[in-house]
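Engineer: Provided below are the primary sequence and the corresponding predicted coordinates.
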Amino acid sequence: MKPLSKTARETTAKVSEVAQKTAENAKLTAEAAKARIQDGYGRARAATGELADRTRVATSELAAKGREQAGAAREAAGEALEKGKAQAKRANSKLKDVAEKQPLALVAGAVAIGALLGSLLPKGGNKDA
């Protein structure tokens, strides 16, 4: 049989060895976990950056299209305004021409329009009176 002190030293040595291996395994596991976390963070950061870049490009393209459409709308509105002005001038000119050449026809037309509008108004007096 071994002396108790020798058994105690051997047990202490084995416990120390197991503790050291456990500490090394824990350290390796922690380092591996840290590496996986850093890798995941790097991938997430890259994906976020890529998404931000795509969003900036899409926003820029959308803004450019909006400016282009606004310009086209301004141009169309300007053209419509010019056409309206030209038509108003022609109508005014024709009205002046008719007033100078055929004033009675103009008055007769105005009376006819007045009569037409008058016939469209509801007939009826005050029923309470």
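Structural biologist: Perfect, thanks for sending it. Numbers count the residues shown, from 1 in each chain.

Engineer: just the CA atoms of the lowest-mean-pLDDT helix or strand in the chain, as CSV, please.
Structural biologist: For the chain, using mean pLDDT, DSSP states H and E, the weakest element among its helices and strands is helix 103-120, scoring a mean of 87. Extracted in CSV, the C-alpha atoms of helix 103-120 (Å, rounded to 0.1, in the frame of the first residue of the first chain):
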residue,chain,number,x,y,z
PRO,A,103,-73.6,94.2,-83.1
LEU,A,104,-77.3,93.3,-83.4
ALA,A,105,-76.4,89.6,-83.9
LEU,A,106,-74.3,89.8,-80.7
VAL,A,107,-77.1,91.3,-78.7
ALA,A,108,-79.6,88.7,-80.1
GLY,A,109,-77.2,86.0,-79.1
ALA,A,110,-76.8,87.4,-75.6
VAL,A,111,-80.6,87.6,-75.3
ALA,A,112,-81.0,84.0,-76.5
ILE,A,113,-78.4,82.8,-74.0
GLY,A,114,-80.2,84.8,-71.2
ALA,A,115,-83.6,83.3,-72.2
LEU,A,116,-82.1,79.8,-72.2
LEU,A,117,-80.6,80.3,-68.8
GLY,A,118,-83.9,81.8,-67.5
SER,A,119,-85.8,78.8,-68.7
LEU,A,120,-83.5,76.5,-66.8
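
Engineer: do me a favour and average the pLDDT over stretch 64-72.
Structural biologist: Across stretch 64-72, the average pLDDT comes to 95.

Engineer: now find how far off-centre it is within its chain.
Structural biologist: 15 Å (Cα atoms, centre = their mean, to the nearest Å).

Engineer: how about it: buried residues?
Structural biologist: Judged by neighbour count using 16 or more other Cβ atoms under 10 Å, stretch 64-72 contains no buried positions. Just so you know, the C-beta spots here come from the backbone N, C-alpha and C atoms, and that holds for glycine as well.

Engineer: with only the CA atoms kept, save it in CSV.
Structural biologist: Output of stretch 64-72 as CSV, limited to C-alpha atoms (Å, rounded to 0.1, in the frame of the first residue of the first chain):
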residue,chain,number,x,y,z
ALA,A,64,-33.4,62.0,-60.5
LYS,A,65,-36.6,60.5,-61.9
GLY,A,66,-38.7,62.9,-59.8
ARG,A,67,-36.7,65.9,-61.0
GLU,A,68,-37.1,64.7,-64.6
GLN,A,69,-40.9,64.2,-64.2
ALA,A,70,-41.2,67.6,-62.5
GLY,A,71,-39.4,69.3,-65.3
ALA,A,72,-41.6,67.5,-67.9
